[in-house]
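# Make a model of this:
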Amino acid sequence: MSRTPVTHGFLRTASAAAHLRLFVLVGVLTVLVTRAFLSLADYPKLGGGAGKGGLHIAHMLWGGLLMLAGLLVMLVFTGVASRQRGAVIGGVGFGLFIDEVGKLVSVDGYFYRPAAGIIYLTFVALTGLAWWVTRRGRSDREAAPAATRSAAAADTALHGVLRGLTPQERDEALRRLRDTGAPATELDAALAALLEVVPERPARGFRPHHHAAQRVRTWLTVRVSGNRGSVHIAAWGATLQAALLLVAIAADGLTGNLAAETQWTAITGALACSLTSLVLSVRGTALLRRDRNAALHNLRAALLVDLLLGQAFKFMINQFSAVAGWLISLALLHVLSAQMGRRQVQRAPAGHGMSENGTG
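Next up, the predicted model:
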């Protein structure tokens with residue numbers, strides 16, 4: 001008999017992916033705000049001077065203390081609220097900690113140039129982990145062993161005892177508990193009874209800023225991401241993103257501005273990634289009229305090469321001035337992902353009768 005995940009003592013919570021994304025988002029914002037503040041304040045020495053005997057409390061220490069605080073919140077308290085607060089506190093702490101990674105890997109200290117790339121790759125890895133947990137969570141909702149589903153239902157019930165459950169949360173937990181394909185056990189019946197009687201919590205009403213955010217999200221989805229013409233903008237944007245770096249490095253080489261450059265590994269990596277992105281984006285742009293599906297996949301691949309690896313080299317070269325290019329690449333990827341999602345929805349009713357290229 002095969003061992004199920006529950007025998008190992010680990011169970012992913014239903015909100016694991018959301019809390020991981022929150023942790024990453026808070027960490028990224030903490031790094032950007034910290035760098036911006038220190039730059040504007042001319043890198044003050046908080047807690048003392050820089051001379052002999054002066055006391056300087058590095059913000060890495062505060063980061064470690066905040067990570068400890070976030071961990072303690074999740075260890076001492078139970079429920080979704082504690083995990084959410086732990087993710088926020090720990091995210092701030094991790095951002096402060098990783099911001100000073102240069103002091104740990106180089107004698108150049110805080111201003112070690114590759115530190116920005118190391119920070120970027122760290123958050124890329126954490127984002128990949130959140131993506132993996134999201135995918136596994138979707139498969140677990142449908143194919144997880146009955147014992148795992150029962151444990152997840154128990155976690156939801158505990159959350160309901162503490163804070164109440166919305167009708168949607170209650171229905172989802174009961175569905176996961178009952179749609180196991182196996183005969184109901186006494187444990188399942190007890191959990192279902194508990195879920196039925198926990199207090200009801202009305203869905204949180206939208207506040208004015210929620211309505212504003214919803215309108216912006218709808219506008220971005222319908223008017224920008226959902227517009228077929230936006231794909232052409234994304235295609236040209238991806239192409240220009242890749243081409244501009246190649247042109248900039250070539251111009252610096254011809255004018256002698258690279259003579260004092262020390263980050264040749266980063267420059268080589270950025271050139272390779274930009275060239276790969278350029279080839280993929282040009283191919284995707286050329287395919288837009290003939291095979292839109294293939295075009296979208298090529299364009300997305302071009303942006304993923306840039307975001308997953310190329311941007312790390314750009315951060316090593318340009319430091320945190322590379323944030324603007326990173327945000328542009330994220331926006332272009334969002335447009336392409338929205339278009340691919342719309343096409344999948346449109347093709348779903350047609351079944352398998354449509355051709356693979358999706359030109360219909």
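
# pLDDT below threshold where in the stretch 201-350 of the chain?
The stretch 201-350 of the chain contains residues with pLDDT under 70 at 203-228, 345-350.

# ok, now with 50
Applying pLDDT under 50 to the stretch 201-350 of the chain flags residues 350.

# quick one: the helices in the stretch 1-150 of the chain?
Applying DSSP state H, counting those that start in this stretch to the stretch 1-150 of the chain gives helices spanning 16-40, 59-76, 80-99, 102-105, 115-143, 146-163.

# Compare these and give me the one nearest L280.
Minimum separation from L280 across the helices of the stretch 1-150 of the chain (C-beta to C-beta) falls at helix 115-143, 18.7 Å. (Each C-beta comes from the backbone N, C-alpha and C, glycine too.)

# sorry, back to before: how about a markdown table for the helices of the stretch 1-150 of the chain, with distance to A302 and mean pLDDT added?
Formatted as a markdown table, those follow (distance: least, C-beta to C-beta, whole Å; pLDDT from 0 to 100):
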| stretch | distance to A302 | mean pLDDT |
| --- | --- | --- |
| helix 16-40 | 23 | 92 |
| helix 59-76 | 35 | 94 |
| helix 80-99 | 28 | 94 |
| helix 102-105 | 30 | 87 |
| helix 115-143 | 17 | 83 |
| helix 146-163 | 38 | 78 |
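
# wait, doesn't L129 sit right on L20?
Yes - the criterion here is C-beta atoms under 8 Å, and L129 meets it with L20 at 6.4 Å.

# Compare the two (neighbour count), which wins?
Higher neighbour count among L129 and L20: L20, with 20 against 14, using other C-beta atoms under 10 Å.

# got the contact list for that one?
87, 126, 129-130, 133 (C-beta atoms under 8 Å, 6 or more residues apart in numbering).

# same thing with H159?
Listed by C-beta under 8 Å, 6+ apart, the contact set of H159 reads 79-80, 165, 169.

# Return the closest of these with respect to S230.
Distance to S230 across those (C-beta to C-beta) is lowest for E169, with 34.9 Å.

# what separates the closest residue to G70 other than its chain neighbours from R12, distance-wise?
Sequence neighbours aside, G90 is the residue nearest to G70 in space, at 3.0 Å (criterion: C-beta to C-beta, 6 or more residues apart in numbering). Counting by C-beta to C-beta, to the nearest Å, the separation of G90 from R12 is 18 Å.

# More neighbours: which of the two?
Under the neighbour definition other C-beta under 10 Å, G90 and R12 were set side by side, and G90 has more, 25 against 17.

# what are the C-alpha coordinates of the host helix or strand of V282, in CSV please?
Using DSSP states H and E, V282 falls within helix 264-287. The C-alpha atoms that make up helix 264-287 are tabulated as CSV, following Å, rounded to 0.1, in the frame of the first residue of the first chain:
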residue,chain,number,x,y,z
TRP,A,264,31.9,40.9,-17.8
THR,A,265,30.2,37.8,-16.7
ALA,A,266,27.0,39.7,-16.2
ILE,A,267,27.4,41.5,-19.5
THR,A,268,28.0,38.2,-21.3
GLY,A,269,24.9,36.7,-19.6
ALA,A,270,22.8,39.7,-20.4
LEU,A,271,23.9,39.6,-24.1
ALA,A,272,23.0,35.9,-24.3
CYS,A,273,19.6,36.3,-22.7
SER,A,274,18.8,39.4,-24.8
LEU,A,275,19.8,37.7,-28.0
THR,A,276,17.6,34.6,-27.1
SER,A,277,14.7,36.9,-26.2
LEU,A,278,15.2,38.9,-29.4
VAL,A,279,15.1,35.7,-31.6
LEU,A,280,12.0,34.4,-29.8
SER,A,281,10.1,37.8,-29.9
VAL,A,282,10.9,38.4,-33.6
ARG,A,283,9.7,34.9,-34.4
GLY,A,284,6.6,35.4,-32.3
THR,A,285,5.9,38.8,-34.0
ALA,A,286,6.2,37.2,-37.4
LEU,A,287,3.8,34.4,-36.5
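
# Show me what that helix is packed against.
Under the contact criterion of 3 or more C-beta pairs under 8 Å, 6 or more residues apart in numbering; DSSP states H and E, helix 264-287 touches helix 228-255, helix 292-305, helix 311-318.
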